[in-house]
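S.K.: sequence and predicted model, in that order:
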Amino acid sequence: MKDSKYIALIVAHMVLGVLLFFVRPLSKFYAIAMLAVGVYFVLKNRNRNNEVLYASAYIVGSEVFLRMTGGNLLYESSKYAVMIFMALGMYFSGFSKNAIPFWIYLLLLLPGVIVATETLNLQTDIRKAIAFNISGPACLGVSAIYCYNRKILLSQVNNILLALALPVFATTVYLILYTPDLKEVLVGTGSNNATSGGFGPNQVATLLGVGMFVFFSRLLLESKSKLIFIVNLIVLFNITYRGLVTFSRGGMVTGFIMILLLLAYIYFNSKSQGKYNLFRLLLFMSVAFFITWIYTSNQTGGLIDKRYANQDAAGRVKESQLTGREEIWDSEIDDFLDNPVFGIGVAKALEVREEKSGGLIIASHSEISRTLAEHGAMGIIALMIVFFTPIFLFLDNKQHIYIFCFLFFWILTINHAAMRIAAPAFVYSLSLLKILIDETPAIHRK
(Lines give C-alpha, C1' and ligand atoms only; values in the text may rest on other atoms or scores of the structure.)
Protein backbone atom coordinates (compact mmCIF):
# COMPACT_ATOMS: atom_id res chain seq x y z
CA MET A 1 0.00 0.00 0.00
CA LYS A 2 1.36 3.43 -0.94
CA ASP A 3 2.24 5.80 1.89
CA SER A 4 -0.21 8.44 0.66
CA LYS A 5 -3.10 5.98 0.56
CA TYR A 6 -2.28 4.66 4.01
CA ILE A 7 -2.11 8.13 5.55
CA ALA A 8 -5.38 9.03 3.80
CA LEU A 9 -7.07 6.05 5.50
CA ILE A 10 -5.73 7.11 8.90
CA VAL A 11 -6.86 10.72 8.40
CA ALA A 12 -10.28 9.62 7.12
CA HIS A 13 -10.91 7.61 10.28
CA MET A 14 -9.68 10.43 12.46
CA VAL A 15 -12.26 12.64 10.75
CA LEU A 16 -14.86 9.91 11.22
CA GLY A 17 -14.25 9.88 14.99
CA VAL A 18 -14.63 13.65 15.15
CA LEU A 19 -17.73 13.65 12.93
CA LEU A 20 -19.61 11.02 14.94
CA PHE A 21 -18.76 12.80 18.18
CA PHE A 22 -20.38 16.03 17.02
CA VAL A 23 -23.17 14.48 14.88
CA ARG A 24 -24.07 11.19 16.56
CA PRO A 25 -27.15 10.46 14.35
CA LEU A 26 -24.72 9.92 11.45
CA SER A 27 -23.71 6.68 13.17
CA LYS A 28 -26.77 4.93 11.68
CA PHE A 29 -25.79 6.02 8.18
CA TYR A 30 -22.24 4.88 8.85
CA ALA A 31 -23.51 1.42 9.80
CA ILE A 32 -25.73 1.16 6.72
CA ALA A 33 -23.00 2.46 4.39
CA MET A 34 -20.51 -0.02 5.82
CA LEU A 35 -22.81 -2.96 5.07
CA ALA A 36 -23.80 -1.64 1.65
CA VAL A 37 -20.20 -1.08 0.53
CA GLY A 38 -19.20 -4.50 1.80
CA VAL A 39 -21.99 -6.28 -0.06
CA TYR A 40 -21.24 -4.27 -3.23
CA PHE A 41 -17.58 -5.29 -3.37
CA VAL A 42 -18.29 -8.92 -2.50
CA LEU A 43 -20.90 -9.22 -5.25
CA LYS A 44 -18.91 -7.18 -7.78
CA ASN A 45 -15.75 -9.26 -7.38
CA ARG A 46 -17.51 -12.54 -6.54
CA ASN A 47 -15.16 -12.80 -3.55
CA ARG A 48 -12.13 -13.49 -5.74
CA ASN A 49 -9.87 -11.65 -3.27
CA ASN A 50 -11.57 -12.74 -0.05
CA GLU A 51 -13.54 -9.51 0.13
CA VAL A 52 -15.77 -11.07 2.79
CA LEU A 53 -12.84 -11.10 5.21
CA TYR A 54 -12.17 -7.39 4.68
CA ALA A 55 -15.85 -6.53 5.11
CA SER A 56 -16.18 -8.73 8.20
CA ALA A 57 -13.00 -7.32 9.74
CA TYR A 58 -14.24 -3.77 9.34
CA ILE A 59 -17.62 -4.66 10.86
CA VAL A 60 -15.90 -6.35 13.80
CA GLY A 61 -13.64 -3.34 14.41
CA SER A 62 -16.57 -0.91 14.35
CA GLU A 63 -18.97 -2.96 16.51
CA VAL A 64 -18.24 -1.28 19.85
CA PHE A 65 -18.01 2.15 18.18
CA LEU A 66 -21.50 1.68 16.76
CA ARG A 67 -22.89 0.52 20.10
CA MET A 68 -21.23 3.49 21.80
CA THR A 69 -22.73 6.01 19.37
CA GLY A 70 -26.14 4.34 18.95
CA GLY A 71 -25.51 3.27 15.36
CA ASN A 72 -25.97 -0.49 15.60
CA LEU A 73 -29.11 -1.60 13.76
CA LEU A 74 -29.56 -4.52 16.19
CA TYR A 75 -27.48 -5.12 19.31
CA GLU A 76 -26.06 -8.34 17.82
CA SER A 77 -26.12 -7.10 14.21
CA SER A 78 -22.33 -7.34 13.80
CA LYS A 79 -22.30 -11.08 14.52
CA TYR A 80 -25.17 -11.69 12.12
CA ALA A 81 -23.50 -9.53 9.46
CA VAL A 82 -20.25 -11.49 9.78
CA MET A 83 -22.14 -14.78 9.39
CA ILE A 84 -23.96 -13.47 6.31
CA PHE A 85 -20.71 -12.32 4.71
CA MET A 86 -19.04 -15.64 5.47
CA ALA A 87 -22.00 -17.46 3.92
CA LEU A 88 -21.65 -15.27 0.81
CA GLY A 89 -17.96 -16.12 0.72
CA MET A 90 -18.72 -19.84 0.86
CA TYR A 91 -21.28 -19.43 -1.92
CA PHE A 92 -18.77 -17.77 -4.25
CA SER A 93 -15.53 -19.46 -3.15
CA GLY A 94 -16.59 -22.70 -1.49
CA PHE A 95 -15.01 -24.09 1.67
CA SER A 96 -12.63 -26.88 2.62
CA LYS A 97 -14.05 -30.39 2.79
CA ASN A 98 -11.73 -30.88 5.78
CA ALA A 99 -13.64 -28.29 7.83
CA ILE A 100 -15.66 -31.16 9.34
CA PRO A 101 -14.51 -30.34 12.92
CA PHE A 102 -16.45 -27.08 12.81
CA TRP A 103 -19.58 -28.66 11.34
CA ILE A 104 -19.39 -30.99 14.33
CA TYR A 105 -18.79 -27.97 16.57
CA LEU A 106 -22.02 -26.34 15.34
CA LEU A 107 -23.97 -29.59 15.81
CA LEU A 108 -22.68 -29.87 19.38
CA LEU A 109 -24.37 -26.54 20.16
CA LEU A 110 -27.82 -27.83 19.23
CA PRO A 111 -28.56 -30.02 22.30
CA GLY A 112 -28.11 -26.98 24.57
CA VAL A 113 -30.60 -25.05 22.43
CA ILE A 114 -33.13 -27.90 22.60
CA VAL A 115 -32.73 -28.25 26.36
CA ALA A 116 -33.25 -24.49 26.75
CA THR A 117 -36.69 -24.67 25.16
CA GLU A 118 -37.70 -26.93 28.05
CA THR A 119 -35.83 -25.33 30.96
CA LEU A 120 -36.18 -21.56 30.42
CA ASN A 121 -38.87 -19.80 32.45
CA LEU A 122 -42.23 -19.25 30.80
CA GLN A 123 -41.97 -15.47 31.12
CA THR A 124 -38.62 -15.45 29.29
CA ASP A 125 -38.50 -14.43 25.64
CA ILE A 126 -37.00 -17.79 24.64
CA ARG A 127 -36.07 -16.86 21.07
CA LYS A 128 -34.32 -13.66 22.13
CA ALA A 129 -32.51 -15.27 25.08
CA ILE A 130 -31.20 -18.17 23.00
CA ALA A 131 -30.19 -15.94 20.08
CA PHE A 132 -28.27 -13.58 22.38
CA ASN A 133 -26.23 -16.40 23.92
CA ILE A 134 -25.70 -18.60 20.86
CA SER A 135 -24.87 -15.88 18.31
CA GLY A 136 -21.21 -15.66 19.38
CA PRO A 137 -20.46 -19.41 19.18
CA ALA A 138 -22.42 -19.65 15.92
CA CYS A 139 -20.43 -16.75 14.45
CA LEU A 140 -17.23 -18.56 15.38
CA GLY A 141 -18.39 -21.79 13.74
CA VAL A 142 -19.47 -20.19 10.46
CA SER A 143 -16.34 -18.02 10.25
CA ALA A 144 -14.13 -21.03 11.00
CA ILE A 145 -15.70 -23.08 8.21
CA TYR A 146 -14.99 -20.32 5.69
CA CYS A 147 -11.40 -19.74 6.86
CA TYR A 148 -10.40 -23.36 7.42
CA ASN A 149 -7.16 -23.98 5.47
CA ARG A 150 -8.01 -21.21 3.00
CA LYS A 151 -4.85 -20.01 1.24
CA ILE A 152 -4.08 -16.34 1.60
CA LEU A 153 -1.03 -14.06 1.37
CA LEU A 154 0.51 -12.61 4.52
CA SER A 155 0.19 -9.11 3.06
CA GLN A 156 -3.55 -9.70 2.65
CA VAL A 157 -3.85 -10.79 6.29
CA ASN A 158 -2.08 -7.60 7.34
CA ASN A 159 -4.56 -5.57 5.31
CA ILE A 160 -7.49 -7.49 6.83
CA LEU A 161 -6.14 -6.65 10.29
CA LEU A 162 -5.81 -3.02 9.21
CA ALA A 163 -9.48 -3.06 8.16
CA LEU A 164 -10.30 -4.20 11.70
CA ALA A 165 -8.05 -1.62 13.37
CA LEU A 166 -9.07 1.51 11.42
CA PRO A 167 -12.49 1.83 13.12
CA VAL A 168 -10.72 1.17 16.43
CA PHE A 169 -8.61 4.25 15.74
CA ALA A 170 -11.79 6.20 14.97
CA THR A 171 -13.12 5.01 18.35
CA THR A 172 -9.93 6.28 20.00
CA VAL A 173 -10.41 9.75 18.49
CA TYR A 174 -14.02 9.72 19.74
CA LEU A 175 -12.83 8.80 23.26
CA ILE A 176 -10.30 11.63 23.28
CA LEU A 177 -13.08 14.12 22.51
CA TYR A 178 -15.53 12.45 24.91
CA THR A 179 -13.20 12.70 27.93
CA PRO A 180 -10.55 15.35 27.30
CA ASP A 181 -9.79 15.83 31.02
CA LEU A 182 -9.44 12.56 32.94
CA LYS A 183 -9.01 14.15 36.35
CA GLU A 184 -12.63 15.34 36.32
CA VAL A 185 -14.04 11.79 36.08
CA LEU A 186 -11.55 9.55 37.93
CA VAL A 187 -12.85 8.70 41.40
CA GLY A 188 -11.51 5.19 41.98
CA THR A 189 -9.71 2.25 40.41
CA GLY A 190 -12.72 0.42 38.97
CA SER A 191 -13.51 0.17 35.26
CA ASN A 192 -14.62 3.62 34.14
CA ASN A 193 -17.55 4.29 31.81
CA ALA A 194 -16.69 7.98 31.57
CA THR A 195 -13.30 7.24 30.01
CA SER A 196 -14.87 4.57 27.78
CA GLY A 197 -17.22 6.80 25.82
CA GLY A 198 -20.10 6.17 28.20
CA PHE A 199 -20.11 2.50 27.22
CA GLY A 200 -18.93 -0.78 28.78
CA PRO A 201 -15.20 -0.49 29.54
CA ASN A 202 -14.69 -4.25 29.11
CA GLN A 203 -15.83 -4.26 25.49
CA VAL A 204 -14.09 -0.97 24.69
CA ALA A 205 -10.77 -2.15 26.15
CA THR A 206 -11.05 -5.44 24.25
CA LEU A 207 -11.17 -3.65 20.90
CA LEU A 208 -8.52 -1.12 21.92
CA GLY A 209 -6.28 -4.02 22.98
CA VAL A 210 -6.53 -5.74 19.61
CA GLY A 211 -6.09 -2.37 17.87
CA MET A 212 -2.91 -1.83 19.86
CA PHE A 213 -1.67 -5.24 18.71
CA VAL A 214 -2.45 -4.54 15.05
CA PHE A 215 -0.60 -1.23 14.94
CA PHE A 216 2.34 -2.75 16.81
CA SER A 217 2.46 -5.52 14.21
CA ARG A 218 2.47 -2.87 11.50
CA LEU A 219 5.47 -1.24 13.17
CA LEU A 220 7.26 -4.56 12.87
CA LEU A 221 6.11 -5.76 9.48
CA GLU A 222 4.60 -2.94 7.44
CA SER A 223 6.51 0.27 8.29
CA LYS A 224 8.48 0.53 5.06
CA SER A 225 9.38 4.19 5.49
CA LYS A 226 10.21 6.49 8.40
CA LEU A 227 7.02 8.47 7.78
CA ILE A 228 4.78 5.39 8.11
CA PHE A 229 6.76 4.26 11.16
CA ILE A 230 6.08 7.62 12.86
CA VAL A 231 2.39 7.55 11.89
CA ASN A 232 1.99 4.02 13.26
CA LEU A 233 3.84 4.98 16.45
CA ILE A 234 1.55 7.97 17.07
CA VAL A 235 -1.57 5.88 16.48
CA LEU A 236 -0.21 3.09 18.70
CA PHE A 237 0.54 5.53 21.54
CA ASN A 238 -2.98 7.00 21.47
CA ILE A 239 -4.74 3.62 21.33
CA THR A 240 -2.59 2.25 24.17
CA TYR A 241 -3.15 5.32 26.33
CA ARG A 242 -6.92 5.36 25.84
CA GLY A 243 -7.05 1.61 26.45
CA LEU A 244 -5.21 1.96 29.75
CA VAL A 245 -7.45 4.74 31.03
CA THR A 246 -10.60 2.66 30.57
CA PHE A 247 -9.26 0.94 33.73
CA SER A 248 -10.45 -2.36 32.26
CA ARG A 249 -7.47 -4.69 32.44
CA GLY A 250 -8.58 -7.75 30.47
CA GLY A 251 -8.47 -6.30 26.96
CA MET A 252 -5.16 -4.50 27.45
CA VAL A 253 -3.41 -7.45 29.10
CA THR A 254 -4.63 -9.63 26.21
CA GLY A 255 -3.23 -7.14 23.68
CA PHE A 256 0.17 -7.13 25.41
CA ILE A 257 0.26 -10.94 25.49
CA MET A 258 -0.48 -11.02 21.76
CA ILE A 259 2.44 -8.65 21.20
CA LEU A 260 4.77 -10.86 23.24
CA LEU A 261 3.68 -13.95 21.31
CA LEU A 262 4.32 -12.21 17.99
CA LEU A 263 7.76 -11.05 19.14
CA ALA A 264 8.66 -14.55 20.32
CA TYR A 265 7.56 -16.13 17.03
CA ILE A 266 9.49 -13.63 14.90
CA TYR A 267 12.60 -13.93 17.07
CA PHE A 268 12.77 -17.72 16.91
CA ASN A 269 12.11 -17.71 13.16
CA SER A 270 14.53 -14.94 12.18
CA LYS A 271 18.10 -15.03 11.02
CA SER A 272 20.81 -12.89 12.61
CA GLN A 273 19.92 -9.66 10.74
CA GLY A 274 16.25 -10.00 11.64
CA LYS A 275 17.10 -10.70 15.29
CA TYR A 276 19.36 -7.66 15.42
CA ASN A 277 16.67 -5.41 13.91
CA LEU A 278 14.09 -6.89 16.29
CA PHE A 279 16.34 -6.28 19.30
CA ARG A 280 16.82 -2.63 18.34
CA LEU A 281 13.11 -2.13 17.83
CA LEU A 282 12.32 -3.94 21.08
CA LEU A 283 14.57 -1.59 23.02
CA PHE A 284 12.94 1.42 21.39
CA MET A 285 9.40 0.11 22.00
CA SER A 286 10.18 -0.79 25.61
CA VAL A 287 11.18 2.82 26.22
CA ALA A 288 8.08 4.03 24.35
CA PHE A 289 5.72 1.82 26.38
CA PHE A 290 7.45 2.90 29.61
CA ILE A 291 6.92 6.56 28.68
CA THR A 292 3.28 5.79 27.84
CA TRP A 293 2.80 4.19 31.25
CA ILE A 294 4.48 7.09 33.08
CA TYR A 295 2.32 9.58 31.16
CA THR A 296 -0.83 7.58 31.95
CA SER A 297 0.14 7.35 35.63
CA ASN A 298 0.66 11.10 35.74
CA GLN A 299 -2.67 11.82 34.04
CA THR A 300 -4.55 9.49 36.41
CA GLY A 301 -2.81 10.64 39.56
CA GLY A 302 -1.26 7.21 40.08
CA LEU A 303 -4.62 5.41 40.02
CA ILE A 304 -3.62 3.30 37.00
CA ASP A 305 -0.71 1.86 39.01
CA LYS A 306 -3.11 0.89 41.79
CA ARG A 307 -5.58 -0.59 39.30
CA TYR A 308 -3.03 -2.99 37.85
CA ALA A 309 -1.76 -3.77 41.36
CA ASN A 310 -5.38 -4.73 42.25
CA GLN A 311 -5.67 -1.95 44.83
CA ASP A 312 -8.41 0.54 45.59
CA ALA A 313 -7.88 4.31 45.50
CA ALA A 314 -6.54 4.25 49.06
CA GLY A 315 -3.92 1.64 48.15
CA ARG A 316 -5.62 -1.29 49.90
CA VAL A 317 -5.41 -4.65 48.12
CA LYS A 318 -8.85 -5.77 46.93
CA GLU A 319 -10.21 -9.07 48.21
CA SER A 320 -11.14 -10.31 44.73
CA GLN A 321 -8.55 -10.59 41.96
CA LEU A 322 -11.27 -10.81 39.31
CA THR A 323 -13.86 -8.28 40.57
CA GLY A 324 -16.20 -10.99 41.86
CA ARG A 325 -16.24 -13.13 38.73
CA GLU A 326 -15.04 -16.14 40.72
CA GLU A 327 -18.53 -16.47 42.22
CA ILE A 328 -20.11 -16.59 38.76
CA TRP A 329 -17.57 -19.22 37.70
CA ASP A 330 -18.32 -21.35 40.79
CA SER A 331 -22.06 -21.07 40.17
CA GLU A 332 -21.73 -22.23 36.56
CA ILE A 333 -19.41 -25.10 37.48
CA ASP A 334 -22.06 -26.24 40.00
CA ASP A 335 -24.65 -26.12 37.21
CA PHE A 336 -22.38 -28.27 35.07
CA LEU A 337 -21.84 -30.84 37.83
CA ASP A 338 -25.62 -31.06 38.33
CA ASN A 339 -26.23 -31.54 34.57
CA PRO A 340 -22.98 -32.94 33.12
CA VAL A 341 -24.22 -34.44 29.83
CA PHE A 342 -26.37 -31.86 28.01
CA GLY A 343 -26.15 -28.98 30.47
CA ILE A 344 -28.97 -26.80 31.77
CA GLY A 345 -29.73 -25.20 28.41
CA VAL A 346 -28.64 -22.04 26.60
CA ALA A 347 -29.30 -18.83 28.63
CA LYS A 348 -30.48 -20.81 31.68
CA ALA A 349 -27.36 -20.04 33.77
CA LEU A 350 -28.39 -16.38 33.96
CA GLU A 351 -31.83 -17.34 35.24
CA VAL A 352 -30.33 -19.67 37.85
CA ARG A 353 -28.12 -16.88 39.24
CA GLU A 354 -31.04 -14.48 39.19
CA GLU A 355 -33.09 -16.88 41.31
CA LYS A 356 -30.22 -17.52 43.74
CA SER A 357 -29.41 -13.82 44.16
CA GLY A 358 -32.99 -12.73 44.70
CA GLY A 359 -33.52 -10.94 41.39
CA LEU A 360 -30.05 -9.62 40.54
CA ILE A 361 -29.16 -10.07 36.85
CA ILE A 362 -25.49 -11.11 36.78
CA ALA A 363 -24.22 -11.91 33.28
CA SER A 364 -21.38 -14.38 32.84
CA HIS A 365 -17.95 -13.06 31.85
CA SER A 366 -16.49 -16.47 31.02
CA GLU A 367 -17.59 -18.29 27.89
CA ILE A 368 -15.84 -21.41 29.16
CA SER A 369 -17.83 -21.79 32.38
CA ARG A 370 -21.03 -20.70 30.60
CA THR A 371 -20.47 -23.34 27.91
CA LEU A 372 -19.89 -26.03 30.52
CA ALA A 373 -23.02 -25.07 32.44
CA GLU A 374 -25.34 -24.68 29.47
CA HIS A 375 -23.97 -27.35 27.10
CA GLY A 376 -22.45 -29.92 29.46
CA ALA A 377 -20.14 -32.54 27.98
CA MET A 378 -21.12 -31.39 24.47
CA GLY A 379 -19.64 -28.02 25.37
CA ILE A 380 -16.38 -29.58 26.53
CA ILE A 381 -15.96 -31.34 23.20
CA ALA A 382 -16.84 -28.14 21.33
CA LEU A 383 -14.22 -26.13 23.24
CA MET A 384 -11.59 -28.82 22.64
CA ILE A 385 -12.28 -28.68 18.89
CA VAL A 386 -11.82 -24.91 18.88
CA PHE A 387 -8.62 -24.96 20.93
CA PHE A 388 -6.76 -27.86 19.34
CA THR A 389 -7.63 -27.39 15.65
CA PRO A 390 -5.31 -24.38 15.02
CA ILE A 391 -2.49 -26.17 16.84
CA PHE A 392 -2.99 -29.20 14.61
CA LEU A 393 -3.07 -27.02 11.48
CA PHE A 394 0.12 -25.24 12.59
CA LEU A 395 2.10 -28.42 11.95
CA ASP A 396 1.64 -27.77 8.22
CA ASN A 397 1.21 -24.00 8.46
CA LYS A 398 4.32 -22.70 10.20
CA GLN A 399 4.37 -19.54 8.09
CA HIS A 400 1.29 -18.32 9.95
CA ILE A 401 3.10 -15.86 12.19
CA TYR A 402 -0.13 -14.76 13.94
CA ILE A 403 -1.62 -18.18 14.69
CA PHE A 404 -0.91 -18.21 18.43
CA CYS A 405 -1.72 -14.51 18.76
CA PHE A 406 -5.19 -15.13 17.36
CA LEU A 407 -5.74 -18.33 19.32
CA PHE A 408 -4.78 -16.72 22.63
CA PHE A 409 -6.81 -13.61 21.85
CA TRP A 410 -9.85 -15.87 21.64
CA ILE A 411 -9.18 -17.88 24.78
CA LEU A 412 -8.19 -14.86 26.91
CA THR A 413 -11.02 -12.65 25.68
CA ILE A 414 -13.76 -15.21 26.29
CA ASN A 415 -12.51 -15.51 29.87
CA HIS A 416 -13.08 -11.85 30.73
CA ALA A 417 -15.68 -10.65 28.21
CA ALA A 418 -17.36 -13.91 27.09
CA MET A 419 -18.47 -13.54 23.45
CA ARG A 420 -20.49 -10.35 23.80
CA ILE A 421 -18.78 -8.94 20.71
CA ALA A 422 -17.86 -10.58 17.40
CA ALA A 423 -14.11 -9.96 17.76
CA PRO A 424 -13.09 -13.23 19.50
CA ALA A 425 -15.06 -15.33 17.00
CA PHE A 426 -13.72 -13.55 13.92
CA VAL A 427 -10.11 -13.15 15.07
CA TYR A 428 -10.03 -16.80 16.08
CA SER A 429 -11.16 -17.87 12.60
CA LEU A 430 -8.13 -16.09 11.10
CA SER A 431 -5.91 -18.58 12.93
CA LEU A 432 -7.23 -21.27 10.57
CA LEU A 433 -6.01 -19.57 7.38
CA LYS A 434 -3.20 -21.11 5.32
CA ILE A 435 -0.60 -18.32 5.11
CA LEU A 436 1.70 -17.82 2.14
CA ILE A 437 4.65 -15.41 2.50
CA ASP A 438 4.71 -13.06 -0.50
CA GLU A 439 7.26 -10.46 0.59
CA THR A 440 9.99 -9.87 3.18
CA PRO A 441 8.59 -8.26 6.34
CA ALA A 442 10.00 -4.82 7.16
CA ILE A 443 11.72 -6.08 10.33
CA HIS A 444 13.92 -8.38 8.23
CA ARG A 445 15.19 -5.59 5.98
CA LYS A 446 18.37 -3.67 6.74
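M.R.: That came in fine, so what should we check first?

S.K.: how about the lowest-mean-pLDDT helix or strand in the chain: buried residues?
M.R.: Using mean pLDDT, DSSP states H and E, helix 348-356 stands out as the lowest-scoring helix or strand of the chain, at a mean of 84. Buried residues in helix 348-356, counted by 16 or more other C-beta atoms under 10 Å: Lys348, Ala349, Leu350, Glu351, Val352, Arg353. For glycine as for every other residue, the C-beta is placed from the backbone atoms N, C-alpha and C.

S.K.: would you turn the residues you listed into TSV with distance to Tyr148?
M.R.: Output for the buried residues of helix 348-356, formatted as TSV (distance: C-beta to C-beta, whole Å):
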residue	distance to Tyr148
Lys348	31
Ala349	30
Leu350	32
Glu351	35
Val352	35
Arg353	36
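
S.K.: ok, so of the residues you listed, who is nearest Ile403?
M.R.: Set against Ile403, the nearest of the buried residues of helix 348-356 by C-beta to C-beta is Ala349 (31.3 Å).

S.K.: would you confirm that Asn415 contacts Ile368?
M.R.: Yes: under the criterion of C-beta atoms under 8 Å, Asn415 makes contact with Ile368 at 6.3 Å.

S.K.: pLDDT below threshold where in the chain?
M.R.: For the chain, the stretches with pLDDT under 70 are 319-324, 358-361, 439-446.

S.K.: can you show me the strands along it?
M.R.: 151-153, 434-436 (DSSP state E).

S.K.: who does the last one touch, helix- and strand-wise?
M.R.: So the one you mean is strand 434-436. strand 151-153, helix 154-178 (3 or more C-beta pairs under 8 Å, 6 or more residues apart in numbering; DSSP states H and E).

S.K.: next, the buried residues of the first one.
M.R.: So the one you mean is strand 151-153. Ile152, Leu153.

S.K.: give me the nearest residue to Trp410, chain neighbours excluded.
M.R.: Nearest in space to Trp410, with sequence neighbours left out and distances taken as C-beta to C-beta, 6 or more residues apart in numbering, is Tyr428 at 3.8 Å.

S.K.: what's near enough to touch that neighbour?
M.R.: Leu140, Ser143, Ala144, Val386, Pro390, Phe406, Leu407, Phe409, Trp410 (C-beta atoms under 8 Å, 6 or more residues apart in numbering).

S.K.: of those residues, just say which sits nearest to His13.
M.R.: Out of those, the member with the shortest distance to His13 (by C-beta to C-beta) is Phe409, at 21.7 Å.

S.K.: hang on, the earlier thing: in JSON lines: the strands of the chain, plus distance to Tyr105.
M.R.: Formatted as JSON lines, the strands of the chain follow (distance: least, C-beta to C-beta, whole Å):
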{"stretch": "strand 151-153", "distance to Tyr105": "22"}
{"stretch": "strand 434-436", "distance to Tyr105": "19"}
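
S.K.: so Thr389 sits against Ile100, correct?
M.R.: No: with contacts defined as C-beta under 8 Å, Thr389 does not count as touching Ile100, sitting 10.4 Å away.

S.K.: tell me which residue of this structure is furthest from the middle?
M.R.: In the chain, Leu122 marks the outermost C-alpha relative to the chain mean, sitting 34.3 Å out by C-alpha atoms, centre = their mean.

S.K.: how far away is that one from Pro111?
M.R.: 21 Å (C-beta to C-beta, to the nearest Å).

S.K.: ok, now Arg249?
M.R.: For Arg249, the distance to Pro111 - C-beta to C-beta - is 35 Å.

S.K.: kindly report the same for Phe284.
M.R.: 52 Å.

S.K.: so which of the two has more stuff around it?
M.R.: Comparing Phe284 with Pro111 by other C-beta atoms under 10 Å, the one with more neighbours is Pro111, at 19 against 12.

S.K.: quick one, phi psi at Asn47?
M.R.: The phi and psi values for Asn47, taken as degrees, to the nearest 10, are phi 60, psi 30.

S.K.: ok, it touching Gly94?
M.R.: No: in this structure, Asn47 is not within contact of Gly94 by C-beta under 8 Å, at 9.9 Å.

S.K.: ok, the two, which is more surrounded?
M.R.: Neighbours per residue (other C-beta under 10 Å) separate Asn47 from Gly94, with Asn47 holding more: 22 against 11.

S.K.: residues touching the residue nearest to that one when sequence neighbours are not counted, list them.
M.R.: Nearest in space to Asn47, with sequence neighbours left out and distances taken as C-beta to C-beta, 6+ apart, is Phe92 at 3.9 Å. By C-beta under 8 Å, 6+ apart, the residues touching Phe92 are Val42, Arg46, Asn47, Arg48.

S.K.: if we can go back for a sec, who's in contact with the least confident helix or strand of the chain?
M.R.: So helix 348-356 is contacted by 115-116, 119-121, 124, 129, 328, 331-332, 335, 344, 360-364, 370, 373-374 (C-beta under 8 Å, 6+ apart).

S.K.: repeat that with 7 Å
M.R.: Residues outside helix 348-356 that contact it (C-beta atoms under 7 Å, 6 or more residues apart in numbering): 116, 119-121, 124, 328, 331-332, 335, 344, 360-364, 370, 373-374.

S.K.: what about Ile362, how many neighbours?
M.R.: 16.

S.K.: so it touches Ile328, yeah?
M.R.: Yes: proximity of Ile362 to Ile328 meets the contact threshold set by C-beta atoms under 7 Å, at 6.2 Å.

S.K.: what sits closest to Asn339 if chain neighbours are left out?
M.R.: Asn339's closest residue in space is Gly376 (C-beta to C-beta, 6+ apart), at 5.8 Å.

S.K.: check contacts around that neighbour.
M.R.: Contacts of Gly376 (C-beta under 7 Å, 6+ apart): Phe336, Asn339, Pro340, Val341, Phe342, Gly343.

S.K.: tell me how many other residues crowd the residue nearest to Asn149 when sequence neighbours are not counted.
M.R.: Nearest residue to Asn149, sequence neighbours excluded (C-beta to C-beta, 6+ apart): Ser96, at 4.7 Å. Other residues near Ser96 come to 15 when the count uses other C-beta under 10 Å.

S.K.: residues in contact with the nearest residue to Val82 once chain neighbours are set aside?
M.R.: In space, and not counting its chain neighbours, Val82 is closest to Ser56: 4.6 Å by C-beta to C-beta, 6+ apart. Ser56 makes contact with Val82, Phe85, Met86, Phe426, according to C-beta under 7 Å, 6+ apart.
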